[in-house]
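Novice: give the three-dimensional model of this entry:
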Amino acid sequence: MKSLKLLFVAVLAMVATSVSAQGPQGQQGQRPQRQRMTVEQRSQMQVDRQAKNLDLNEEQKKKLYDYYLTTNKKQDAEREERMKAMREGQQNGQRPDFRNMSEADREKFMKQMQEQRQAQQAAEDKAFKSILTEKQYKKWQMLKKAQEQRMRQMMQERQQGGQGGFGGPGQGGQGGFGGGDF
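Specialist: Predicted coordinates for the structure are as follows:
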C-alpha cells in the first residue's frame, strides 16, 4: 500500500512538472502555428481598419481594397523573389546577410532600401489623397504619424534592452530575447 502511495505521488509530481513546463501556449512554450492570410484577406483587413478609423463610404472602401490588393500582391511577389534568391544563395554556400557585404555594399543596399520605402510611401500618400476627403486624409496622416511614433518608441526600447522582445512583456531580459547570462 505504501509503494502504491509513493507511485501515486511520483505520478502527480511528473504531471505537475509537465503541465507547468507547457504553460498556456501548449507543449514546451511553443505557440500554435497561425494560418497565413491570403492577399485578399489581408487587403480586406486593412480596408476594415481604415473604414473604422476614417468612416469610409462604400466607394472609398472599394478603391482602397483595390489599392491594397495590388500593393499586397506586388509585395508578396517581391518577398518570394527575395526568398528564392536567399535559398539559392544558401545552396551555393553563401550567406545572404550583412556579414558578407563590404561597407560600401552595405551602404548601397541600405540606401536602395530607403529609396524603395520612400517611393512606396509616396505612392501610398498619392493613392490615399485621391481616395479620401480632405478631412479624412488629414486624420489618416495624423494616425500614420502616431503609428510611426509608437514604432520608433518600441525600437528605442529594444535597443536600450527593454521589455517586449520575444515572448511579450515581462518575458525578455537583456535586449528582450529571454535574458540570462550566456
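
Novice: Q50: neighbour count?
Specialist: 22 (other Cβ atoms under 10 Å). Every residue, glycine included, has its C-beta placed from N, CA and C.

Novice: how much space between it and R152?
Specialist: 22 Å (Cβ to Cβ, to the nearest Å).

Novice: try D55
Specialist: 28 Å.

Novice: try W140
Specialist: 19 Å.

Novice: which strands and helices sit next to the helix or strand containing K52?
Specialist: According to DSSP states H and E, K52 maps onto helix 39-54. With contacts taken as 3 or more Cβ pairs under 8 Å, 6 or more residues apart in numbering; DSSP states H and E, helix 39-54 sits against helix 58-91, helix 134-159.

Novice: including mean neighbour count, mean pLDDT and distance to E107, could these go into a markdown table?
Specialist: Listed next are these as a markdown table, based on neighbours: other Cβ atoms under 10 Å; pLDDT from 0 to 100; distance: least, Cβ to Cβ, whole Å:
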| stretch | mean neighbour count | mean pLDDT | distance to E107 |
| --- | --- | --- | --- |
| helix 58-91 | 13 | 90 | 19 |
| helix 134-159 | 12 | 94 | 20 |
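
Novice: make a markdown table out of these and add distance to D125.
Specialist: Formatted as a markdown table, those follow (distance: least, Cβ to Cβ, whole Å):
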| stretch | distance to D125 |
| --- | --- |
| helix 58-91 | 12 |
| helix 134-159 | 8 |
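
Novice: Q35 sits in which helix or strand?
Specialist: Using DSSP H and E, no helix or strand contains Q35.

Novice: same check, this time on K126
Specialist: For K126, the host element (DSSP H and E) is helix 103-131.

Novice: would you mind listing the buried residues in that helix?
Specialist: Within helix 103-131, the residues that count as buried by 16 or more other Cβ atoms under 10 Å are 127-128, 131.
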